[in-house]
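Student: Could you work out the structure for the sequence below:
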Amino acid sequence: MKPSVANYQAAMLLSAAGDALGYRNQLWEYCESGPQIHKELAELGGLKNIQVMLPDWPVSDDTVLHLGTAEALATGKEKEDLYQELAVRYVEAMKDMEGRKPGPTSILGTSQLRPGEPDGYRIPFNPKAVGCGAAMRSMCIGLRYPRPEQLKELIKVGVESGRMTHNHPTGFLGSLASALFVAYSVQRKPLIEWGSGLLETLPKVLEYVKEVGVDVEENVSAWPYFTEKWTWYLQERGILDGKGAPRFPSDYGPEERDKIYKTFSLDGWAGRSGHDAPMIAYDALLSAGESWEELCSRSMFHGGDSDSTGVIAGCCWGVMYGLSGVPEGNYNQLEYRERAEAAAVKLYELAWGQVQ
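Tutor: Just a heads-up that it's a prediction; the model follows:
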């Protein structure tokens, strides 16, 4: 089914809203207690009363870099020209980071880019580049290449854009996962099948990495963790085969989620890594259904990297459900709203033709 341009705009807007809500101007991204965040949310009058706007609710580095990806894709460039354009946009985006808390790996990676030079979008392999900085900015790749027959293109752009800062499989496979999940959202693929679909895609991604021939030995050596952790998670939920109903703990409130999300993580900081930012977003989507409030509770208001999980979950949810049931104040005065909506229209036109 062909999506509407409104769903594309909702994806970009709710992605930014999820970022701003999870970030709360640095206060909630660095809060280690989901119950504390929920308490403060109640004191603010609940989600319906939050007006996401400057100065109290800026977007973080996540949305600034996601807009960089979207606006590069919106040029319509392909292959090497697109990779160079992405590198230009990422370097430019780093000039807009006052008060947005970019991660050290993103700062290092963009400092190593040399846009305009041959292979200037490539940086050295980094054994520590396992963070979520690539996963949080790649969702729109799924809006640009949404069809099943475009999977090869999605893989290429997901990998190459991801390793411009996070040249390590745990990092850039997060980019691939976020892009793939948004493509699945557009395709209306049943949520239950997303995780198994990701696992089926990973061997194709490894084929691509070997084919390109850059840092192959290092990538192959570091490859297994992402697959193993996702396999473990899908077994925990009872959906490794993409069938049945997901199995959640009987008690799964904010306090329990904090503990369980930590078990997803690499280092105890939930959502901070390339594998678990999309994992928490997926977990939230599986359990929230059509409720925006429930999605926010699970993906944006937890003790962990809550803006990075929120930015991914919000994008997928927006594709599937539009703005239905979302309080207008959560998105109508968002920072960079016009840029997000304009990029969404361009991506829609490139993917589906002229807007009617």
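Student: What ranges does the stretch 1-150 of the chain have for its helices?
Tutor: 5-23, 34-43, 61-73, 79-93, 104-112, 141-144 (DSSP state H, counting those that start in this stretch).
Student: JSON lines please, covering these and showing mean neighbour count and distance to Met320.
Tutor: No exception for glycine: its C-beta is placed from N, CA and C like everyone else's. Shown next, in JSON lines, are the helices of the stretch 1-150 of the chain (neighbours: other C-beta atoms under 10 Å; distance: least, C-beta to C-beta, whole Å):
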{"stretch": "helix 5-23", "mean neighbour count": "28", "distance to Met320": "8"}
{"stretch": "helix 34-43", "mean neighbour count": "16", "distance to Met320": "24"}
{"stretch": "helix 61-73", "mean neighbour count": "27", "distance to Met320": "18"}
{"stretch": "helix 79-93", "mean neighbour count": "19", "distance to Met320": "26"}
{"stretch": "helix 104-112", "mean neighbour count": "18", "distance to Met320": "28"}
{"stretch": "helix 141-144", "mean neighbour count": "28", "distance to Met320": "12"}
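Student: Ok, which of those helices comes nearest His275?
Tutor: Proximity to His275 (C-beta to C-beta) singles out helix 104-112 among the helices of the stretch 1-150 of the chain, at 14.6 Å.
Student: Does anything pack onto that closest one? Which helices or strands?
Tutor: Contacts defined by 3 or more C-beta pairs under 8 Å, 6 or more residues apart in numbering; DSSP states H and E place helix 104-112 against helix 79-93.
Student: Taking their axis directions, the helix it packs on and helix 61-73 sit at what angle?
Tutor: 140 degrees (axes from the mean of the first three to the mean of the last three C-alpha atoms, to 10 degrees).
Student: What separation is there between the residue nearest to Ile123 when sequence neighbours are not counted and Ser106?
Tutor: Leaving aside its sequence neighbours, Ile123 sits nearest to Gln112 (C-beta to C-beta, 6 or more residues apart in numbering; 4.1 Å). Gln112 is 11 Å from Ser106, where distance means C-beta to C-beta, to the nearest Å.
Student: Now do the same contact list for Thr63.
Tutor: Contacts for Thr63 (C-beta atoms under 8 Å, 6 or more residues apart in numbering) come out as 15-16, 19-20, 311, 335-336, 340.
Student: Tabulate those residues (TSV), appending distance to Leu143 and pLDDT.
Tutor: Listed next are those as TSV, based on distance: C-beta to C-beta, whole Å; pLDDT from 0 to 100:
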residue	distance to Leu143	pLDDT
Ser15	10	98
Ala16	14	98
Asp19	16	98
Ala20	20	98
Val311	14	98
Glu335	20	98
Tyr336	17	98
Ala340	11	98
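Student: Let me know which of the helices of the stretch 1-150 of the chain is the nearest to Lys259.
Tutor: helix 34-43 (9.6 Å).
Student: related to what we said a few turns ago, okay but the residue nearest to Ile123 is in contact with Asn126, surely?
Tutor: No. Checked against C-beta atoms under 8 Å, the pair Gln112 and Asn126 is beyond contact range at 9.2 Å.
Student: Tell me the one among the contacts of Thr63 nearest to Asp119.
Tutor: Nearest member of the contacts of Thr63 to Asp119, counting by C-beta to C-beta, is Val311, at 29.1 Å.
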